[in-house]
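Engineer: give me coordinates for this.
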Amino acid sequence: MKPQFANKLVAVLNEKIEPGVVMNALAHLSIGLGSVIGAEPLRLTDYIDADGGSHPSISEMPFMILKANSNKIRGLRQSAKEAGIRFADFTDSMTIGTYLEQIEKTKQTKEADLVYYGIVLFGDWEKVTELTRKFSLWK
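Structural biologist: Residues are numbered from 1 along each chain as shown. Okay, here's the model as predicted:
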């Protein structure tokens, strides 16, 4: 029997961004959103191997990784905001120079001019499914 989860965790990454760069964005997104959500809602568990070794803080929930272009990610971000779904997003302005320069560049860039590298959503399983069902799996 497949376990049922109240919440769903989904990333949508920009398929046009070089893999190493988009994986870095996914790492930032996951750390940021995970710190806001916390261990209990994310169902983080320490997996123990047969030798008694711990593999800590792995989510029991599946984490779907999907793909889209920047404009579709922008639209998903807006839909998530409207639906009250928690999210973190990552844009091109967050990749230039130091973190202080990135903050300043983001502040100077209109939302419509940002290139979205990815977004991670966490929230009600059905709502997140509805928002993300049109996207393909990352392969």
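Engineer: now the helices for this protein?
Structural biologist: With DSSP state H, the ranges of helices along the chain come out as 19-37, 39-42, 70-83, 99-108, 125-132.
Engineer: what does the fourth one rub up against?
Structural biologist: Where contact means Cβ atoms under 8 Å, 6 or more residues apart in numbering, the residues beyond helix 99-108 that reach it are Thr91, Ser93, Met94, Thr95, Ile96, Gly97, Leu114. In this view, the C-beta of every residue, glycine as well, is placed from N, C-alpha and C.
Engineer: want to try JSON lines for those, with neighbour count and distance to Lys72 as columns?
Structural biologist: Output for the contacts of helix 99-108, formatted as JSON lines (neighbours: other Cβ atoms under 10 Å; distance: Cβ to Cβ, whole Å):
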{"residue": "Thr91", "neighbour count": "24", "distance to Lys72": "14"}
{"residue": "Ser93", "neighbour count": "18", "distance to Lys72": "19"}
{"residue": "Met94", "neighbour count": "17", "distance to Lys72": "19"}
{"residue": "Thr95", "neighbour count": "16", "distance to Lys72": "20"}
{"residue": "Ile96", "neighbour count": "11", "distance to Lys72": "23"}
{"residue": "Gly97", "neighbour count": "9", "distance to Lys72": "28"}
{"residue": "Leu114", "neighbour count": "20", "distance to Lys72": "14"}
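Engineer: average pLDDT for stretch 40-51?
Structural biologist: For stretch 40-51, mean pLDDT is 96.
Engineer: quick one: distance of it to the chain centre.
Structural biologist: 21 Å (Cα atoms, centre = their mean, to the nearest Å).
Engineer: and Phe63, which of the helices of the chain is closest to it?
Structural biologist: helix 19-37 (8.4 Å; Cβ to Cβ).
Engineer: helices or strands up against the closest one?
Structural biologist: strand 7-14, strand 86-91, strand 116-124 (3 or more Cβ pairs under 8 Å, 6 or more residues apart in numbering; DSSP states H and E).
Engineer: so how far is Ser35 from the residue most central in space within the chain?
Structural biologist: The structure's the chain has its C-alpha centroid closest to Val120; by Cα atoms, centre = their mean the separation is 1.8 Å. Separation of Val120 from Ser35 (Cβ to Cβ, to the nearest Å): 12 Å.
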